[in-house]
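K.L.:
Sequence unavailable; structure follows:
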């Protein structure tokens, strides 16, 4: 019988208890999610929009967050990569059901440096490195042909350093809006929005649920 996950009791979302820096507040919540045992607490929905206004979304893993923003990695030639090339803006959504919390993030996106991408690629498991070489992400593919290509690369790079393919690397989303959502009874949910000014300072306001 599957083990039932119990929701944890969490504090109400009060302005005086929040960090004035939303990145630091996010890091507090991410730590809470990890300590609660939530699997893949760093998983986030990434939403992009094509140059002709068509939205798409998928779940990816956040690999780093600091005062510069949220970093993730992908194939630059994938659908999300192509959409970010044409429209370098995106939205992120983190949802931790066990804590009754979600965080929405919006901002501009740019590629991180080649050196940063190289360093992360080198830290990946060998199988993941090879799959990045083998796959033309989001393109039509024959499953057996993909498997053969992967096996071929395993043979080619046995015992060798695997180079990062030029079509694969990282992006950083620099946030301009961050909303923290805390579930409450009767759907009187707490919503606190941070907005960034042109000068880089953050303001905080409460939104109706």
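P.N.:
Cool, the structure landed. The shown structure was predicted, so the numbers you read here are calculated from the model rather than taken from an experiment. Numbering: from 1, shown residues only.
K.L.:
Go through this protein and flag its longest strand.
P.N.:
In the chain, assigned by DSSP state E, the strand with the most residues is strand 168-182.
K.L.:
Distance from that one to the middle of the chain?
P.N.:
7 Å (Cα atoms, centre = their mean, to the nearest Å).
K.L.:
before we move on, what about stretch 31-39?
P.N.:
On Cα atoms, centre = their mean, the centre of stretch 31-39 falls 16 Å from the chain's centre.
K.L.:
which parts of the strand or helix carrying residue 82 are buried?
P.N.:
Using DSSP states H and E, residue 82 sits within helix 79-86. For helix 79-86, a neighbour-count test (16 or more other Cβ atoms under 10 Å) marks 79, 80, 81, 82, 83, 84 as buried. Backbone N, C-alpha and C define where each C-beta goes, glycine included.
K.L.:
Ok, stretch 111-118 next?
P.N.:
Those would be 111, 112, 116, 117, for stretch 111-118 by 16+ other Cβ under 10 Å.
K.L.:
ok, now stretch 132-140?
P.N.:
Buried-residue list, stretch 132-140, by 16+ other Cβ under 10 Å: 132, 133, 134, 135, 137.
K.L.:
ok so, going back, could the buried residues of stretch 111-118 go into JSON lines alongside distance to residue 205, secondary structure and pLDDT?
P.N.:
JSON lines is the format used below for the buried residues of stretch 111-118 (distance: Cβ to Cβ, whole Å; DSSP: H, G, I helix; E, B strand; the rest coil; pLDDT from 0 to 100):
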{"residue": "111", "distance to residue 205": "32", "secondary structure": "strand", "pLDDT": "98"}
{"residue": "112", "distance to residue 205": "31", "secondary structure": "coil", "pLDDT": "98"}
{"residue": "116", "distance to residue 205": "34", "secondary structure": "helix", "pLDDT": "97"}
{"residue": "117", "distance to residue 205": "36", "secondary structure": "helix", "pLDDT": "97"}
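K.L.:
quick one: residue 25 and residue 18 touch, right?
P.N.:
Yes. Between residue 25 and residue 18 a contact is recorded at 5.5 Å, counting by Cβ atoms under 8 Å.
K.L.:
Mind picking the two most distant members of the buried residues of stretch 132-140?
P.N.:
133 and 137 (11.4 Å; Cβ to Cβ).
K.L.:
for the residue sitting nearest the centre point of the chain, what are its contacts?
P.N.:
Against the mean C-alpha coordinate of the chain, by Cα atoms, centre = their mean, the closest residue is residue 62 at 3.7 Å. Residue 62 sits next to 42, 43, 44, 70, 71, 72, 92, 94 when contact means Cβ atoms under 8 Å, 6 or more residues apart in numbering.
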